[in-house]
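A.B. asks: below is the structure, and that's it, no one-letter string:
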């Protein structure tokens, strides 16, 4: 049943008259004076319709094979009104629809109005499906939330004005019954944008289309390509799943389109070989100087997740010589790319495929007969980590190489479907699909003709930095650079466009834009990722993958997947839309073909260089002062001849600047970047590593990086705890801490000029290698390398701060050697001695303090900086020291334990005593509760005194157990274990 109303009076009367609605009355949205808000426009009344959503008024139209769980409910009264849970998370309770959370902890439900209408509100009585209070779930929508219980509660949302509306259920995999569910819609006043269904999927029963690709041919034709999925699934997800590639061409800039025709037809189970089972996920490029066109696709009978080095998808190439009218048979180029990785850090790789959509052709690099091609690949490496690489070809796609080499991935973890685009200065941007937005990185050339250069550091773009935001989704999209002019002041610049679903979920596909006015804005991935200027929404429906190209009429041709007619059969309709720059930017910019790349670079070169910071003794990764002269010289050469060659030479200088690196031996503290305003330091706690606020009272937070057999990689070890950080493992699991380096983690330190470093486990056992501080600010877990909480300030430590109390004495025991500063004296402690009838501890000065040498320090009260000695192994060992030291705080079980307190050694009365970190204690079988210190050697306590010339012919040992053949005056131990004091 539904109400159809054309006047506000009728709308209100219907509410008063309808007994079914009186039981759970709908509340109209109100305006400032409390009166109901009219659904009328200034010119005419809007049509308002209210639908009940239950199993009497509609049915499930997308379900699992057993028809027990469902994904889509469709109204019987208007087939354009649907409720979609994305996954098969719906069931029934009587006539009511029941929504479950599913296994992901959260499920978004989407209400879609028929074409020409918007959802203005919805409501239902929510209760736990089992009718008990043994669980609760959270409903959220448009800033409202409700916690469910056994009894029904009204969940009402109003004031909406889009074709789609969403609500989310969060919690465990439990269900909510939607009682008395009603949906209010009204006719939209916004005229729909012009569009064309290039590849329509009209019914759930039809063979569906997916994965669009688009290119402009040299003659101006627009070529669109897409999967035609007999299998209704990705390549390899259905065994012997047939997928064809279909194409369609427009000869008038997208106004009209020719007939759909196949580029290739998969053979499915009838295939004579592996490759011809199916072809999918196409990407395309048309040469700007000839009629050649290239399409690359996945092929075969295995999925990407299940690929191995021996059994993986093919990479099929199709060539056209006539602007896409006819096509060659497929040629597999996979092996030529796979073998490049076999001996690299990431290889042998398990699987890869090229990101669908647009292949980029350079406007600045031409080698031989063709301008260079760039595409980006999703690669599952030898450890099972999803990474991205950019490939390039100088012969129009017949042979490909890896940009930057196979050992350096621009998206080293968390990689997904990627795209590549050339930036104004000729550098290459990679844009990788990521939950919530995009991951970006930039390759800067030092020699573009030889494809030499260096990748920057991956940067995330999303809501946290005003970047491109994909709310509650991760989806493929396109990136495109266009020369433009700002209308307000005629300033020539570039615009960068990025398409993706705005969300929530895979819905509302649109295009973000970012103004690139200055070179500094493309100098590092962080700048690209943050602060995008605006966006245009292209779809108001469930929608997913998208791509775009620059057309001959100086507009953008845009292809997107959309649930225009249905999306229940495993696909979408592939829709074409045409946009001018003015449309996408609210008339803030227009196309300008006169923008000069060299002028763009020259105008911004000083600003780019001004961002460089040279610092003495900074964090790992920061630039050292001696690099400043190198930059100045290269900059002057560029300014004398501001061309591409000198710009790339400047880039090479920047790539090779000296930086603060990891030194061995040296000590460091590690401070996390992303948590609690970067105030937490790596800190051992019992049998694991955690974090804590800064603590300079001891050396608990001092770490070393010990070299491994793998060049440039280290063990991370703590001196006080004498242990080593283990390997990173599975998601949310903490690494072990090991007593030795056997089976320990091997970590690569990637420092950046801003002083932030990635700490990456190279022998991880899970998918992610970044050492990450979890949100609880306690646990170290694996995550993506460049997430803020995976970054660390690694600070070289050259001094240890010692505090001398007012009595003038303290003890010290460190895992490293230190040099005494002026005003301090260090002592070891020997046997007790009698001075003027008083039992004392004899102390003897030492000139050097070696690692783990417990000592007494004497000096004026105050703080002292003790310089850490880098080569403690060269110091001479100290004999006859009876002090015992601890590195970490320890509990010592002894009734003869003395601790230095107020300048006197005082006996502890308890059996177990806590000894502070980096201090020393003394053990003695004495009846005295306090033992003062003396620098005079009196009569030893309880030790036989003998003359040197009366020593019996027995072997003597010093107090450390070393044989002594020619004893000098002092205390020794005989072979029988008897202590003796040799006087002279």
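C.D. replies: The structure has been received and is ready for your questions. In this text, all values refer to a predicted model and were calculated from it rather than measured experimentally.
A.B. asks: next secondary structure after the helix or strand containing residue 497?
C.D. replies: Here residue 497 sits within strand 491-501, counting by DSSP states H and E. Using DSSP H and E, the helix or strand that follows strand 491-501 in sequence is strand 509-516.
A.B. asks: list the buried residues for the helix or strand following that following strand?
C.D. replies: Next helix or strand after strand 509-516 toward the C-terminus (DSSP H and E): helix 525-529. Residues of helix 525-529 classed as buried by neighbour count (16 or more other C-beta atoms under 10 Å): 525, 526, 527, 528, 529. The C-beta positions use only the backbone N, C-alpha and C, and glycine is treated the same way.
A.B. asks: can you put those in TSV and add distance to residue 503 and pLDDT?
C.D. replies: Converted to TSV, those look like this (distance: C-beta to C-beta, whole Å; pLDDT from 0 to 100):
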residue	distance to residue 503	pLDDT
525	23	95
526	24	93
527	25	95
528	21	97
529	18	97
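A.B. asks: would you format those as JSON lines with distance to residue 784 included?
C.D. replies: Shown next, in JSON lines, are the buried residues of helix 525-529 (distance: C-beta to C-beta, whole Å):
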{"residue": "525", "distance to residue 784": "14"}
{"residue": "526", "distance to residue 784": "15"}
{"residue": "527", "distance to residue 784": "20"}
{"residue": "528", "distance to residue 784": "17"}
{"residue": "529", "distance to residue 784": "14"}
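A.B. asks: and which of those is nearest residue 205?
C.D. replies: residue 529 (42.8 Å; C-beta to C-beta).
A.B. asks: coming back round to it: out of the buried residues of helix 525-529, which is nearest to residue 468?
C.D. replies: Nearest member of the buried residues of helix 525-529 to residue 468, counting by C-beta to C-beta, is residue 529, at 8.4 Å.
A.B. asks: returning to what we had before: the inter-axis angle of the strand holding residue 497 versus strand 509-516?
C.D. replies: Put simply, strand 491-501 runs at 150 degrees to strand 509-516, going by axes from the mean of the first three to the mean of the last three C-alpha atoms, to 10 degrees.
A.B. asks: who are the packing partners of strand 491-501?
C.D. replies: Under the contact criterion of 3 or more C-beta pairs under 8 Å, 6 or more residues apart in numbering; DSSP states H and E, strand 491-501 touches strand 437-447, strand 479-486, strand 509-516, strand 543-550, strand 556-562, helix 597-610.
A.B. asks: averaged pLDDT, that strand. What do you get?
C.D. replies: Averaging the model's pLDDT scores along strand 491-501 yields 98.
A.B. asks: in that strand, what counts as buried?
C.D. replies: Buried residues in strand 491-501, counted by 16+ other C-beta under 10 Å: 492, 493, 494, 495, 496, 497, 498, 499, 500, 501.
A.B. asks: same question, stretch 426-445
C.D. replies: 426-434, 436-445.
A.B. asks: and the next element down the chain from the helix or strand of the chain with the lowest mean pLDDT?
C.D. replies: Every helix and strand in the chain was compared by mean pLDDT, DSSP states H and E; the lowest is helix 19-23, with a mean of 35. Proceeding N to C from helix 19-23, the next assigned helix or strand is strand 48-52, under DSSP H and E.
A.B. asks: tell me what that following strand is packed against?
C.D. replies: On a contact count with 3+ C-beta pairs under 8 Å, 6+ apart, strand 48-52 meets strand 2-5, strand 175-187.
A.B. asks: can you redo the ones you listed as a markdown table with mean neighbour count and mean pLDDT?
C.D. replies: A markdown table is the format used below for the helices and strands packed on strand 48-52 (neighbours: other C-beta atoms under 10 Å; pLDDT from 0 to 100):
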| stretch | mean neighbour count | mean pLDDT |
| --- | --- | --- |
| strand 2-5 | 17 | 52 |
| strand 175-187 | 23 | 97 |
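A.B. asks: noted, bye for now.
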